[in-house]
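Participant: Fold the following for me, if possible:
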Amino acid sequence: MYRIIAAVLAAGACASSLQAQTTPTDPAASAPVLTLAEALDRAGASSPFQDAAAAGIRAAEAQRRVAGLRPNPSIVGEAENVAGTGIYQGLRSSETTVGLALPLELGGKRGARIAVAEAQIGRAGLQAVIARADLRLRVTQTYNAAAAAQRRVGIAEDQVGIAAEVVRAARVRVQAGRASPLEEQRADVARIAAEGALERARRSAEAASSNLARLLGMPVGRLDHQWFDAVPPPGTSRPAAATGSLAVAAARADLDTASAQVRLARSQRVPDLTVSASARRLEQTNDVAAVFGISIPLNVFNNGRAAIAVAEAQREQADAQRRVATLDVEQDVATAQAEAENAATTARNATGPALAAATEAARIARIGYREGKFGQLDLLDAERTLLDTRTAAIDALAAHHDAQARLERLIAPAPRRKDDQR
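Facilitator: Numbers count the residues shown, from 1 in each chain. Next up, the predicted model:
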């Protein structure tokens with residue numbers, strides 16, 4: 001291996017182009033390329049996640065209409081002095097009363113219900129924004145996985161071709177009596193392993209493309225490899241802020257709903273009145289008289305304090321969860337940003353000088369092996385180093401895009417609240 005590295009340093013001027021070595025074989029090169037932006041647009045137009053969020057908004061708006069409704073009146077009907085004894089036998093002395101009873105809500109119950117419903121509408125609207133951000137993250141991660149899988153197929157195809165060339169070179173050396181038959185057998189084992197790796201890579205790529213196609217509702221062909229290969233230059237990333245993120249806004253919306261529930265619980269302590277107006281008919285005289293009534297419940301066994309205590313405890317819990325959400329988002333943002341930067345550094349190293357050196361080393365090892373200057377173990381070591389370097393580059397690129405997508409999801413801005421716009 002040291003001889004190979006020395007040959008690489010001596011032949012640095014004739015190093016092959018990086019782009020030519022890293023471009024995967026694509027049988028459908030004439031097919032249109034599906035970019036990430038097109039995939040996001042397609043998923044947003046036909047996603048069931050968006051439909052679920054829209055249904056949640058409609059349900060919250062309907063709940064707002066329900067909260068604004070007043071209690072229904074009741075029809076009151078009574079019959080007195082019937083089915084008794086003496087003069088009260090039958091209906092001879094009956095008194096029939098028919099009227100209307102109307103509950104009157106006191107203590108601001110209707111306004112408190114409306115406040116709870118409006119808070120829930122705001123939460124549902126925020127949930128729709130969260131659903132869009134989650135969908136964007138899911139599509140980006142699935143697209144990234146499919147693009148990485150396609151690149152791995154290209155590497156596996158290259159390795160199968162290289163292994164076949166090594167087998168042919170070993171056969172020539174064996175036939176010429178310059179090598180042991182063991183070399184041909186060893187090369188053939190490497191070829192079989194490369195073909196198995198290609199089969200596994202193709203199967204994984206098909207599964208990844210199928211997952212992306214399910215999200216988009218359309219067949220998926222070639223993906224944008226330029227996007228996948230893009231790595232930001234060092235020193236361009238900036239610290240991301242977690243303030244105003246969707247997770248913090250969701251926790252704040254839950255706190256608003258809990259505060260509205262406290263107001264509703266307090267309004268429930270005020271008893272409601274039920275007023276009634278009826279007409280009574282006296283059977284004996286066939287006269288009609290008006291009857292007025294009022295009903296006031298007595299808060300003896302349930303005065304509403306327990307419900308208020310429950311609502312206040314839930315509000316305190318929501319406030320604590322809001323603070324926890326803020327801490328969690330700040331930690332997750334810092335972790336995701338560090339992971340994205342670390343993966344970008346690894347990708348820049350793996351796709352830069354390291355890959356160029358490994359590529360040139362493998363090229364020289366193949367030439368030297370055919371000419372009898374290098375042994376087969378040197379060749380296999382160089383090829384293994386090249387494969388590991390290319391695989392590490394793809395893994396680093398995939399990890400960078402995944403971490404960057406998670407970071408963008410974490411810092412996605414929430415819509416401004418109405419009280420913030422004043």
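Participant: in the chain, which ranges drop under the pLDDT threshold?
Facilitator: Residues of the chain meeting the criterion pLDDT under 70: 1-31, 45-46, 87, 92, 235-242, 417-422.
Participant: Does the helix or strand harbouring residue 125 pack against any helices or strands, and if so which?
Facilitator: Here residue 125 sits within helix 109-175, counting by DSSP states H and E. Judged by 3 or more C-beta pairs under 8 Å, 6 or more residues apart in numbering; DSSP states H and E, helix 109-175 is in contact with helix 36-45, helix 48-67, helix 181-216, strand 222-223, helix 225-229, helix 246-267, helix 353-370, helix 376-410. Heads up, the C-betas are built off the backbone N, CA and C, glycines and all.
Participant: okay, which residue of the protein is out on the far edge from center?
Facilitator: residue 86 (79.5 Å; C-alpha atoms, centre = their mean).
Participant: that older thread, okay if I get the helices and strands packed on helix 109-175 as TSV plus mean neighbour count and distance to residue 115?
Facilitator: What follows is the helices and strands packed on helix 109-175, written out as TSV (neighbours: other C-beta atoms under 10 Å; distance: least, C-beta to C-beta, whole Å):
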stretch	mean neighbour count	distance to residue 115
helix 36-45	16	32
helix 48-67	14	9
helix 181-216	17	38
strand 222-223	20	49
helix 225-229	16	47
helix 246-267	21	4
helix 353-370	20	61
helix 376-410	20	31
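Participant: Nearest approach to residue 151 belongs to which of these?
Facilitator: When the helices and strands packed on helix 109-175 are compared by C-beta to C-beta, helix 376-410 sits nearest residue 151, at 5.1 Å.
Participant: where's that closest one relative to the chain centroid, distance-wise?
Facilitator: 25 Å (C-alpha atoms, centre = their mean, to the nearest Å).
Participant: Give me the angle between it and helix 353-370.
Facilitator: 160 degrees (axes from the mean of the first three to the mean of the last three C-alpha atoms, to 10 degrees).
Participant: For helix 376-410, name the packing helices and strands.
Facilitator: Applying 3+ C-beta pairs under 8 Å, 6+ apart, we find helix 376-410 packed against helix 2-10, helix 109-175, helix 181-216, helix 225-229, helix 305-351, helix 353-370.
Participant: quick one: which of the ones you listed is nearest residue 411?
Facilitator: Here helix 305-351 is closest among these (C-beta to C-beta), at 6.1 Å.
Participant: between that closest one and helix 376-410, how big is the angle?
Facilitator: 150 degrees.
Participant: elements contacting helix 305-351?
Facilitator: helix 246-267, helix 376-410.
Participant: Make TSV out of the ones you listed and add distance to residue 52.
Facilitator: Listed next are the helices and strands packed on helix 305-351 as TSV, based on distance: least, C-beta to C-beta, whole Å:
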stretch	distance to residue 52
helix 246-267	16
helix 376-410	18
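Participant: Which of these sits closest to residue 323?
Facilitator: helix 246-267 (8.2 Å).
Participant: For the next helix or strand after the closest one, buried residues please.
Facilitator: Once the chain leaves helix 246-267, the next helix or strand it forms, by DSSP H and E, is strand 273-282. Burial within strand 273-282, assessed by neighbour count using 16 or more other C-beta atoms under 10 Å, is assigned to 274, 276, 278, 280.
Participant: before we move on, the earlier item: quick check: the gap between the residue farthest from the centre of the chain and residue 142.
Facilitator: Distance of residue 86 to residue 142, given as C-beta to C-beta, to the nearest Å: 87 Å.
Participant: Next: residue 83.
Facilitator: Remark: distance between residue 83 and residue 142 (C-beta to C-beta) = 76 Å.
Participant: Tell me which of these two has more neighbours.
Facilitator: residue 142 (21 against 10; other C-beta atoms under 10 Å).
Participant: can you pull the contacts of the more buried one?
Facilitator: Residue 142 is in contact with 208, 211, 212, 215, counting by C-beta atoms under 8 Å, 6 or more residues apart in numbering.
Participant: Distance to residue 342 for the residues you listed - can I get that in CSV?
Facilitator: As requested, these are arranged in CSV below (distance: C-beta to C-beta, whole Å):
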residue, distance to residue 342
208, 24
211, 26
212, 26
215, 28
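Participant: just checking, residue 118 touches residue 64?
Facilitator: Yes - counting by C-beta atoms under 8 Å, residue 64 is a contact partner of residue 118 at 6.3 Å.
Participant: overlap in contacts of the two?
Facilitator: Shared contacts of residue 118 and residue 64, counting by C-beta under 8 Å, 6+ apart, come down to nothing at all.
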